[in-house]
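[1] the sequence and its predicted three-dimensional model are supplied below.
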Amino acid sequence: MKTIGLLGGVSWESTAIYYRLINRAVNKRLGGYHSAKIVLYSYDFSDMELLARTAQWEALAGRLIDGAQRLQRAGADMVVMCANTMHHEAEAVGRAVPLPLLHICDCTAAKIKADGLKCVSLLGTRYTMEEDFYKARLKANGLDVFVPDEADRKTVHRVIFDELVQGRVEPASRAAYRELIARQVERGAEGIVLGCTEIPMLTGPEDSAVPLFDTTELHALAAVEAALA
């Protein structure tokens, strides 16, 4: 079994989900008392949030590279960045650290295409929805991608940062997400990409008339596949 290197704490709420999903999947595959071999480097989310909010992407890349190098020194065989937004700097990390980086967009796109879908709406932080790094990667995988309108983007982003990263799951926000997902379906979305690792804390299949693609789960399972290959 290879050792999975996790860059976490962005936020720790979703990192805990990664840890649980990975260990459960390894045990399901191997049985008995087996669990995953994991090295975790966890950031203070306040620092990382500030760098993203103020568009200090180069500084943020430096933090991510430092963390990935720490994982390498600790014996990790791969890097898994436990956040969609942090993939803004995935290419910089990949260039700086000689370990495979499992990109969250690639495993998500593979699942969408395996399900026979092509056109999806992307939900996530405003950085993920409004900048090109994420949409471009999905499009490079052969998908058609669009994002909610400005008002809905504000709602998605606000709920993530004001509630989910703090562990709050509010019924009113679930209802708001359900309504905005319905609007994406009306615009032609065949599926919805939950492109923030905290969104699955709030929204599930019962909230959508079309398939939801849980990037947290897909990424975690891709890490297991790589570890057991």
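    Done, it's in.

[2] where does the prediction get shaky in the chain?
    Counting by pLDDT under 70, not a single residue of the chain qualifies.

[3] the residue sitting furthest away from the middle of it and Val26: what is the separation?
    Most distant residue from the mean C-alpha position of the chain: Gly32, 29.4 Å away (C-alpha atoms, centre = their mean). From Gly32 across to Val26, the span is 11 Å (C-beta to C-beta, to the nearest Å). Glycine gets a C-beta too; all of them are placed from N, C-alpha and C.

[4] which parts of the protein belong to which domain?
    Per automatic domain parsing, the domain ranges recorded for the chain read 4-103+217-228, 104-214.

[5] which residues are in contact with the most centrally placed residue in the chain?
    Geometric centre of the chain, nearest residue: Asn84, 3.6 Å, by C-alpha atoms, centre = their mean. By C-beta atoms under 8 Å, 6 or more residues apart in numbering, the contact list for Asn84 reads 104, 124-125, 128, 134, 195-197, 215.

[6] next one: Arg20
    Per C-beta under 8 Å, 6+ apart, neighbours of Arg20: none.

[7] quick one: the helix or strand it falls within to chain centroid distance?
    Assigned by DSSP states H and E, Arg20 belongs to helix 12-30. In terms of C-alpha atoms, centre = their mean, to the nearest Å, the centre of helix 12-30 is found 14 Å from the chain centre.

[8] gap between the closest residue in space to Met78 that isn't next to it in sequence and Ala227?
    Using C-beta to C-beta, 6 or more residues apart in numbering and skipping residues adjacent in sequence, the residue nearest Met78 is Pro100, 4.7 Å away. To Ala227, Pro100 is 11 Å away according to C-beta to C-beta.

[9] next: Thr197.
    In terms of C-beta to C-beta, Thr197 sits 19 Å off from Ala227.

[10] between those two, point out the one with more neighbours.
    Between Thr197 and Ala227, counted using other C-beta atoms under 10 Å, Thr197 has the larger neighbour count: 32 against 22.

[11] settle this for me: that one is touching Val80, isn't it.
    No - the pair Thr197 / Val80 is not scored as a contact, 11.0 Å apart, by C-beta atoms under 8 Å.

[12] related to what we said a few turns ago, next up, the contacts around the residue nearest to Met78.
    Contacts of Pro100 by C-beta under 8 Å, 6+ apart are 77-79, 226.
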